[in-house]
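[1] predicted model and sequence below, questions to follow.
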Amino acid sequence: MKPAKAKKPAAKSAKRPAVMTGAAIPVLRWPPDEDRVEAIFERLSSVMPEPKTELDFSNLFTLVVAVALSAQATDISVNKATERLFKVADTPEKMLALGEEGLIPYIASIGLYRGKARNVIELSRIVLEQHGGEVPLNRADLQALPGVGRKTASVVLNELGIEAAIAVDTHVFRVSHRLGLANAGTPDKVEAQLFKVVPEDWLPKAHHWLILHGRYTCTARKPKCLSCIIADLCPSRAGLMALGETAG
């Protein structure tokens, strides 16, 4: 009797990056055609000429706090919380006076609120003690603030027009891959790829265009390919439609 042949281990399927949800990300050839990239951003600019963050803020301090609170949370949930919060604490002094325990009830509806409360109070202290109460507007000092990493600093600097930056969140990651603007597996590498392929004239607003397009059109589970202004420029459209994950 012949010994049974050892079974070959099943091939491991390629893992989709954890930052992504919804339909699988295609791995496309990179870099993309320059004319196609130019056309993508030209069309996005035609429908969103002045894209802005959807987070509510009234000054530099509230902008930094709002962006820090938005990590792993929706802008809608953050705006609901900060609508009440910023009425009582819209400066580092007032936030510090509120204290961590006083802050928590305002942001308890936001994910990871305890850690965020601790960071917001500590960053308020640092802004007061080390920066004279003024939020620093350079990347190094911003990223040194508790709860303010590279992505948050990028969002703030880009929103204020100080530095063209592309913060790669879930939406930017997904849309960049579907459009073939990037094919890397981590947010930092995607950011580097985007800076290489996005035309310089479009860089200041590219961050917002990609986010808003991903939030309202190129959604994770049911992208609206049939009503997408750049559908004919998207190399992933046929695959997404074949999966039945598109909507009009």
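    That came in fine, so what should we check first?
[2] my guess is R84 contacts Y106, does it?
    Yes: counting by CB atoms under 8 Å, a contact exists between R84 and Y106, whose distance comes to 5.7 Å. Every C-beta, even on glycine, is put in place using the N, C-alpha and C of the backbone.
[3] out of these two, which sits in the busier spot?
    In terms of neighbours (other CB atoms under 10 Å), Y106 is the more surrounded of R84 and Y106; the figures are 21 against 12.
[4] how close does the residue nearest to the more buried one when sequence neighbours are not counted sit to S70?
    Beyond its immediate neighbours in the sequence, the residue positioned closest to Y106 (CB to CB, 6 or more residues apart in numbering) is L85, lying 4.1 Å away. The gap separating L85 from S70 is 13 Å, by CB to CB, to the nearest Å.
[5] try N138
    If you go by CB to CB, the gap between N138 and S70 works out to 21 Å.
[6] higher neighbour count, those two?
    Just comparing N138 and S70: by other CB under 10 Å the higher neighbour count belongs to S70, 24 against 12.
[7] look up which helix or strand the residue lying closest to that one once chain neighbours are set aside falls in, please.
    Leaving out its chain neighbours, the residue that sits closest to S70 by CB to CB, 6+ apart is V78, at 4.8 Å. Assigning secondary structure by DSSP states H and E places V78 in helix 75-88.
[8] just checking, next helix/strand downstream of that helix?
    Heading C-terminal from helix 75-88, the first helix or strand you meet, by DSSP H and E, is helix 92-107.
[9] how far away is K205 from L194?
    For K205, the distance to L194 equals 13 Å [CB to CB].
[10] please apply the same query to K94.
    Note on K94: its distance to L194, by CB to CB, is 37 Å.
[11] out of these two, which sits in the more crowded spot?
    When K94 and L194 are compared on other CB under 10 Å, the one with more neighbours turns out to be L194, at 21 against 14.
[12] from F41, how far out is that one?
    With the distance defined as CB to CB, L194 ends up 11 Å from F41.
[13] name the residues contacting each of those two.
    A206 (CB atoms under 8 Å, 6 or more residues apart in numbering).
[14] orientation of the longest helix along the chain relative to helix 75-88 in degrees?
    Looking across the chain with DSSP state H, the single longest helix is helix 113-131. Going by axes from the mean of the first three to the mean of the last three CA atoms, to 10 degrees, helix 113-131 is angled at 50 degrees with respect to helix 75-88.
[15] show me what helix 113-131 is packed up against.
    Using 3 or more CB pairs under 8 Å, 6 or more residues apart in numbering; DSSP states H and E as the contact criterion, the secondary-structure elements in contact with helix 113-131 are helix 60-69, helix 92-107.
[16] and these: which comes nearest C228?
    Relative to C228, the nearest member of these by CB to CB is helix 60-69, separated by 27.6 Å.
[17] only the buried residues of the closest one, if you could.
    Of the residues in helix 60-69, those buried by neighbour count under the rule 16 or more other CB atoms under 10 Å are 61-69.
[18] on that earlier part again, and the contacts of the next helix or strand after the longest helix of the chain?
    Beyond helix 113-131 in the direction of the C-terminus, DSSP H and E gives the next helix or strand as helix 139-143. Counting by CB under 8 Å, 6+ apart, the neighbours of helix 139-143 from elsewhere in the structure are 64, 131, 135-136, 148-150, 152-153, 156-157, 163.
[19] out of those, which are buried?
    If we count by 16+ other CB under 10 Å, those have these buried: 64, 135-136, 148, 150, 152-153, 156-157.
[20] who touches A182 in this structure?
    Neighbour list for A182: 30, 173, 176, 189-190, 193-194, 197 [criterion: CB under 8 Å, 6+ apart].
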